[in-house]
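Enquirer: my questions concern the predicted model and sequence given below.
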Amino acid sequence: MNLLFSIDDNYTTQLETVLLSIRLNTRPAKINVYVIQEQPLQKTAELRRVCQNLKMTYHPVMVKNEMFAQAPVTDRYPTTIYYRLLAHKLLPEDLHKILYLDADVLCINDLTSLYDTDLDGYLYASAIHTGLTNTTEVINKIRLQNFDADGYYNSGVLLMNLDTIRRHVQPQDIFAYIRKHVLLLPDQDVLNALYGKYIKSVPDELYNFDTRNGRIYETISFGEWTLDWVVKHTVILHYCGREKPWLVNKNSGHYTALYKHYWRLAQRLAQNKLIL
């Protein structure tokens, strides 16, 4: 199982929290952790030790600045927006599949079912967040002119078919699109606009559950997707938005306490105070 992240020094403990949750809830597997970064992370030694304790292998992926010589780069469009889109240019060529995860997610059930999704004929697999209204979907399709796509995909959980991506996703296409359009969420907009019709949909209630929208999930499922259902079935909780669960007194959401539990375990693991 190959996992991909892109973080800076402000998100080390968040990454460790995600990795711990994956190890505790995913059946034994050889897990490689690839982390895209501009500079070597300050806590590289700690990350290596944590990964070793989790029986994972840490692989730093250093950004090659020459890749972005022709890219539109501004304060609004920093080079970081390209990392997810051009990960296939940074990763080893002998990798065939990888799962990208934002650092603000938590794995609470076995990740294998998502990772084993058949990507034949697709570039990616991703989820469309249920909380979007029909009006928002229409606006996004008009804005991005991607009427063939099923909807607006959230790129925080993105399974990548690297062999096919290497053939079809080219930097010049991405750079050209960004030059010609004003984007709200740059990398996510590009993903949807250029490649939305080549994305395989996976259910967000299982693989990208927006923790802000618990009541919406319950409503559209006619009361089925309750907290008990989520704990039993959902694989990935995504703590979207500005109120992150690791912030003190900033988040009182339905799933905050669960995250804080894993966060504390990750801190103990980093301090060598947790034995797995």
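Expert: Structure's in. What do you need?
Enquirer: from here on, just use CA atoms for contacts and neighbour counts.
Expert: Will do.
Enquirer: I'd guessed D187 sits against I81; true?
Expert: Yes - taking C-alpha atoms under 8 Å as the definition, D187 is a contact partner of I81 at 5.3 Å.
Enquirer: A127: what's it in contact with?
Expert: 153-155, 157, 201-204, 207-208 (C-alpha atoms under 8 Å, 6 or more residues apart in numbering).
Enquirer: higher neighbour count, D187 and I81?
Expert: Ranked by neighbour count (other C-alpha atoms under 10 Å), D187 and I81 place D187 first, with 20 against 16.
Enquirer: so which of the contacts of A127 belong to helices?
Expert: 204, 207 (DSSP state H).
Enquirer: which of the contacts of A127 count as buried?
Expert: Buried residues within the contacts of A127, counting neighbours by 16 or more other C-alpha atoms under 10 Å: 153-155, 157, 201-202, 204, 207-208.
Enquirer: CSV for those residues, including pLDDT and distance to A127?
Expert: Listed next are the buried ones among the contacts of A127 as CSV, based on pLDDT from 0 to 100; distance: C-alpha to C-alpha, whole Å:
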residue, pLDDT, distance to A127
Y153, 92, 6
N154, 93, 6
S155, 93, 8
V157, 97, 8
S201, 96, 5
V202, 97, 5
D204, 96, 5
Y207, 98, 7
N208, 97, 6
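Enquirer: let's have the residues you listed in TSV, adding distance to K55.
Expert: Compiled in TSV, the buried ones among the contacts of A127 are given as follows (distance: C-alpha to C-alpha, whole Å):
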residue	distance to K55
Y153	32
N154	29
S155	27
V157	22
S201	31
V202	28
D204	28
Y207	23
N208	25
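Enquirer: who's in contact with the closest residue to V235 other than its chain neighbours?
Expert: Excluding its sequence neighbours, the residue lying closest to V235 (C-alpha to C-alpha, 6 or more residues apart in numbering) is N109, at 4.5 Å. By C-alpha under 8 Å, 6+ apart, the contact set of N109 is 22, 25-26, 231-236.
Enquirer: give me the phi and psi for L4.
Expert: Per-residue torsions, L4: phi -130, psi 140 (degrees, to the nearest 10).
Enquirer: ignore the last one, C240
Expert: Torsion angles, degrees, to the nearest 10, at C240: phi -70, psi 160.
Enquirer: what about it, how many residues close to it?
Expert: 18.
Enquirer: quick check: bridge partners of the closest residue to it other than its chain neighbours?
Expert: Computed as C-alpha to C-alpha, 6+ apart, the closest residue to C240 that is not its neighbour in sequence is D210, at 6.2 Å. Counting by DSSP bridges, D210 is bridged to H238.
Enquirer: pretty sure D210 is touching H238, no?
Expert: Yes - taking contacts as C-alpha under 8 Å, D210 lies within contact range of H238: 5.1 Å.
Enquirer: determine the longest strand present in this structure.
Expert: strand 153-161 (DSSP state E).
Enquirer: can you list the strands that it pairs with?
Expert: Here strand 153-161 has these sheet partners by DSSP bridges: strand 97-101 (antiparallel), strand 124-128 (antiparallel).
Enquirer: can you dump the C-alpha coordinates of it into CSV?
Expert: Extracted as CSV, the C-alpha positions of strand 153-161 are listed here (Å, rounded to 0.1, in the frame of the first residue of the first chain):
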residue,chain,number,x,y,z
TYR,A,153,-14.8,15.9,-6.7
ASN,A,154,-13.0,16.6,-3.4
SER,A,155,-9.3,16.0,-3.9
GLY,A,156,-8.5,15.5,-0.3
VAL,A,157,-8.8,11.7,-0.8
LEU,A,158,-7.5,10.8,-4.2
LEU,A,159,-6.6,7.3,-5.4
MET,A,160,-4.2,7.6,-8.4
ASN,A,161,-3.7,5.3,-11.3
